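*Asks:* Could you look at this predicted model? Sequence included:
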Amino acid sequence: MALVNQPRPAGQHTVRRHNSALVLGAVVESPGMSRAGVAARTGLAKATVSSLVDRLVAAGLLAETGPQARSGRGRRGTGLSLSPSGPHGLGVEIGVDYLATCLVDLTGEVHALRIRPGDNRAASVARVLARVTRAVRTAFADAQRRGVPVGGVGVAVPGLVEAATGLLRVAPNLGWRDVDVRAEVRRRLGLGDLPVLVGNEADFAALAELWCGGHPDLRDFLHVSGEIGIGAGLVVDGTLFRGVRGFGGEIGHVCVDPVGPECACGARGCLERLAGQEWILRAAGVWDGVGPLRPPAALLDELVDRLTAEDGRALRAVRGAGRSLGIGVSAVLNAVDVPTVVLGGSYARLERWLRPSLQNELDRRVVSAAWSRVEVLGATLGTEAAVRGAAGAVLHEIIIDPDPYVSTVLPG
C-alpha cells in the first residue's frame, strides 16, 4: 500500500498569513468597519484581530478613519479603511505607438499618469526597453516626491504572455518574440525582490474596468480593447479567464474575411486589419497610411471632430469597423455566452458611432440574441485602462495576501 503524505500542522507564520488576508479582505468588502466588526465578520478572536489590524496599520495598508457613528450607549469603534498613503502599484503599458506609466493607490486613485507617444515598431527591443526603464525611473521619482512606497511594478504588453513563465511569447504588432520582459525590467532597474507582473494589455484593461469602471453589477463581460491591435479580456463571475496557458483573448486575430489583407501575424483577414485603429484612421482620411503617425490622442481628436461634423467618409469608416467588429465579437459570444460587451481603448471614444452597426451584427449573429440581447457599453476608463489595470494588479496581489509585503516593511 502506497504511503500518503499527511498534511503538516500549520505553523504560526502560516496561520498569521491566512488571518491577515481575512482581516484585510473584510475591510476591503466593508470600508469603515471597526475591529469588532472585523472579528464578527471573520470569526477571529477580538484580540487576534486587534493585533493583526495594528500590524496592517503599521505597514501602511490600513488607516484608522475615526470613531464610528453609534446610536445608544457604549464605546464607539474606530473605523478602518485602506490607506491612500500605503503602497502604490506602478503600472507600465508598452503600447505599439506609446508608453504609459502611472501610480495607483490602495483606494484606486490614479497619480502621475504619463503618456509618451512614439512608434515602438520602428525601434529594437533593447531600445524600447531602455525607454521603459527611463519611464519607470521617473515614476519611482514621482512616488518618492509623494512620500509613498511602491509595492510592485505591473507591465502591460500587446501580445501573448505565457502564464507559467511570464514570458512574452509573441507581440505581432511590435515584431517581438520570446522576450522575458519581467527579467529585463528587473535587471535594468535593479528591483531586487520587488514584485514585477507582466500581462496582456487587454487582460489588464478588463481588470481595471471590473475594479474601477463604475459598474458594480458588471461581473460577466467581454472587454474589447481597440488600439492598433485589438485584444479582449473575458471576465466570468468577476474573474478574468486567461485560458489554460494565458493566451486567451486574441480576438484581433479572429478571421472576419478569409481573402482580406495580410496581418502581422501572417494570416489574412484578421479583425484588427479591418477594424483596428490604423484601418479606421486610413479609411476615414485622417492618416494616409504612409507618413509618420501623430500622437494617438491627436489623431483620435481629429477623427471624433469629423464624426461630430457628420463627415461622410469618417462615418462610413467607423460603421464598417463596427460591422467587422460585430462579426468577430459574435463568434466569441456564441462560444462563451456572456451578456455584455465593453468597448475599451480608442473604441470607448468611438462607441457612439460604432454601436449601431456593431449592435446590428450582434443581433443578427449571436444565436441567443432573440431572447437575450447583448448589451454594449462604452468603457469608462478608455485608453488608460491597461496601465491602470497593470498597477491595480500589483495591489490586488498585496490585498489577497498581504503578509509578504508586510514582512518586507516591518521587522520580525
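*Replies:* Perfect, thanks for sending it.
*Asks:* Let's verify the spatially most central residue of the chain: helix, strand, or coil?
*Replies:* Geometric centre of the chain, nearest residue: F204, 2.1 Å, by C-alpha atoms, centre = their mean. Classification of F204 using DSSP: H, G, I helix; E, B strand; the rest coil returns helix.
*Asks:* is it true that it touches A393?
*Replies:* Yes: the criterion here is C-beta atoms under 8 Å, and F204 meets it with A393 at 6.2 Å. The C-beta positions use only the backbone N, C-alpha and C, and glycine is treated the same way.
*Asks:* What strands line up against the lowest-mean-pLDDT helix or strand in the chain, and which way round?
*Replies:* Every helix and strand of the chain was ranked by mean pLDDT, DSSP states H and E. The lowest is strand 62-67, at a mean of 85. If you go by DSSP bridges, strand 62-67 pairs up with strand 78-82 (antiparallel).
*Asks:* Flag every buried residue along the partner strand.
*Replies:* Within strand 78-82, the residues that qualify as buried by neighbour count (16 or more other C-beta atoms under 10 Å) are G79, L80, S81, L82.
*Asks:* Output that strand in PDB with nothing but the alpha carbons.
*Replies:* Extracted C-alpha coordinates of strand 78-82, given in PDB (Å, rounded to 0.1, in the frame of the first residue of the first chain):
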ATOM      1  CA  THR A  78     -12.800  53.200  15.200                       C
ATOM      2  CA  GLY A  79     -13.400  52.800  11.600                       C
ATOM      3  CA  LEU A  80     -10.900  51.200   9.300                       C
ATOM      4  CA  SER A  81     -10.200  51.600   5.600                       C
ATOM      5  CA  LEU A  82      -7.500  51.000   3.000                       C
END
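*Asks:* Just after that strand, pick out the following helix or strand.
*Replies:* Sequence-wise, the next helix or strand downstream of strand 78-82 (DSSP states H and E) is strand 88-94.
*Asks:* Mind giving me the packing neighbours of the helix or strand where L222 lies?
*Replies:* According to DSSP H and E, L222 maps onto strand 221-226. If you count contacts as 3 or more C-beta pairs under 8 Å, 6 or more residues apart in numbering; DSSP states H and E, strand 221-226 packs onto helix 201-212, strand 230-236, helix 312-336, strand 340-345, helix 346-365, helix 385-400.
*Asks:* So for it, mean pLDDT?
*Replies:* Strand 221-226 carries an average pLDDT of 94.
*Asks:* tell me the domain boundaries of this protein?
*Replies:* 13-65+78-82, 88-204+387-409, 215-379 (automatic domain parsing).
*Asks:* gap between the longest one and the chain center?
*Replies:* I take that to be domain 215-379. Distance of domain 215-379 from the chain centroid (C-alpha atoms, centre = their mean, to the nearest Å) equals 17 Å.
*Asks:* Common neighbours of F204 and A393, please.
*Replies:* Jointly contacting F204 and A393 under the rule C-beta atoms under 8 Å, 6 or more residues apart in numbering are G154.
*Asks:* still on that earlier bit, gap between the residue nearest to the centre of the chain and A386?
*Replies:* 5 Å (C-beta to C-beta, to the nearest Å).
*Asks:* Tell me the bridge partners for L99.
*Replies:* Bridge pairing for L99 - DSSP bridges - gives I94, R116.
*Asks:* Surely it and E93 touch.
*Replies:* Yes: counting by C-beta under 8 Å, E93 is a contact partner of L99 at 6.9 Å.
*Asks:* Show me which of those two is the more surrounded one.
*Replies:* E93 (30 against 21; other C-beta atoms under 10 Å).
*Asks:* so where's the stretch 201-350 of the chain uncertain?
*Replies:* 289-293 (pLDDT under 70).
*Asks:* show me the contacts for the closest residue in space to C212 that isn't next to it in sequence.
*Replies:* Take C212 and drop its neighbours on the chain: the residue closest to it by C-beta to C-beta, 6 or more residues apart in numbering is G108, 5.1 Å away. Applying C-beta under 8 Å, 6+ apart, we find G108 in contact with W211, C212, G392.
*Asks:* For the buried residues of strand 78-82, could you give me TSV that also reports pLDDT and distance to R131?
*Replies:* Converted to TSV, the buried residues of strand 78-82 look like this (pLDDT from 0 to 100; distance: C-beta to C-beta, whole Å):
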residue	pLDDT	distance to R131
G79	90	43
L80	94	41
S81	95	37
L82	96	32
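*Asks:* Quickly check the residues you listed for the two that are furthest apart.
*Replies:* G79 and L82 (11.7 Å; C-beta to C-beta).
*Asks:* Between these two, which contacts overlap?
*Replies:* In contact with both G79 and L82: P31, using C-beta under 8 Å, 6+ apart.
*Asks:* Please pick the buried ones from the contacts of G108.
*Replies:* Buried by 16+ other C-beta under 10 Å: W211, C212, G392, out of the contacts of G108.
*Asks:* Kindly indicate which of these lies nearest R177.
*Replies:* For the buried ones among the contacts of G108, the nearest to R177 is G392 (28.1 Å; C-beta to C-beta).
*Asks:* hang on, the closest one packs against E209?
*Replies:* No: assessed by C-beta under 8 Å, G392 is found out of contact with E209, at 10.5 Å.
*Asks:* now stretch 86-106: mean pLDDT?
*Replies:* Per-residue pLDDT over stretch 86-106 has a mean of 96.
*Asks:* ok now it, how far from the chain's centre?
*Replies:* 10 Å.
*Asks:* cool, and stretch 190-203?
*Replies:* The answer for stretch 190-203 is 12 Å, by C-alpha atoms, centre = their mean.
*Asks:* Could I get the buried residue list for that stretch?
*Replies:* For stretch 190-203, by 16+ other C-beta under 10 Å, it's L191, L194, P195, V196, L197, V198, G199, N200, E201, A202, D203.
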